[in-house]
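S.K.: Here you go, sequence then predicted model.
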Amino acid sequence: MKEKLDSNDLYLVNFARDLLLKSPDRNKFNVAAAVRSADGEMFGAYNSFKGYWSGSVCAEVGCLAVATSSVAPKRFEAVLFAAVKFDADQESLRVANTCGRCLQWIVDYFPDADCIIAEKDGSLAVASARDLLPYGYNDSRGIIE
Ligand SMILES: [Zn+2]
């Protein structure tokens, strides 16, 4: 189920945008993600782009590491992730949808988390990470007898 963003959600997007605008190198750190804890505290991180996808660390995973090592995990009972990316021209910004690998991390750590997504028409919405990854890895189903 998707919902429209409220002003606090937009504030989180802007938090990620402001972090990205401070990127020390737009070719290596071209995505910033932000997460908001249950009590409203926000944490952010950059991606670490190595030129090939599997060796890179997405901003959402970096953000998750920063946030969970900074505060008690129980403060993340309700979390919201947002990611902002420079467009290829490096002059414009857009919300980047979270990749499948990061969705799996998010669902594993925070099953009730939400993510801010960009719809096909460019509008923004809030969606459950579980809804975005309906068939994510789960080793407790599909038992073969
Ligand atoms: Zn990712």
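M.R.: Okay, I see it.
S.K.: CA atoms for contacts and neighbours, from now on please.
M.R.: Fine.
S.K.: Find the residue ranges of the protein scoring beneath the pLDDT cut-off.
M.R.: 1, 51-54, 72-78 (pLDDT under 70).
S.K.: One more pass at 50, please.
M.R.: Within the chain, no range satisfies pLDDT under 50.
S.K.: for it, what spans make up the strands?
M.R.: With DSSP state E as the criterion, the chain has strands at 2-3, 31-36, 42-46, 80-86, 93-95, 114-118, 124-128.
S.K.: among these, which is the most enclosed?
M.R.: strand 31-36 (a mean of 29; mean count of other CA atoms under 10 Å).
S.K.: which residues touch that one?
M.R.: Contact with strand 31-36 is made by 12-13, 15-17, 19-20, 42-47, 58-60, 63-64, 67, 79-86, as judged by CA atoms under 8 Å, 6 or more residues apart in numbering.
S.K.: and what of stretch 57-69?
M.R.: So stretch 57-69 is in contact with 31-35, 43-49, 81-83, 98, 102, 105-106, going by CA under 8 Å, 6+ apart.
S.K.: Buried residues, that stretch. List them.
M.R.: Judged by neighbour count using 16 or more other CA atoms under 10 Å, the buried positions of stretch 57-69 are 58, 59, 60, 61, 62, 63, 64, 67, 68.
S.K.: distance of the second one from the ion?
M.R.: In other words, residue 59. According to CA to the ion, to the nearest Å, residue 59 and the ion sit 7 Å apart.
S.K.: Next one: that residue relative to residue 32, how far apart?
M.R.: From residue 59 across to residue 32, the span is 5 Å (CA to CA, to the nearest Å).
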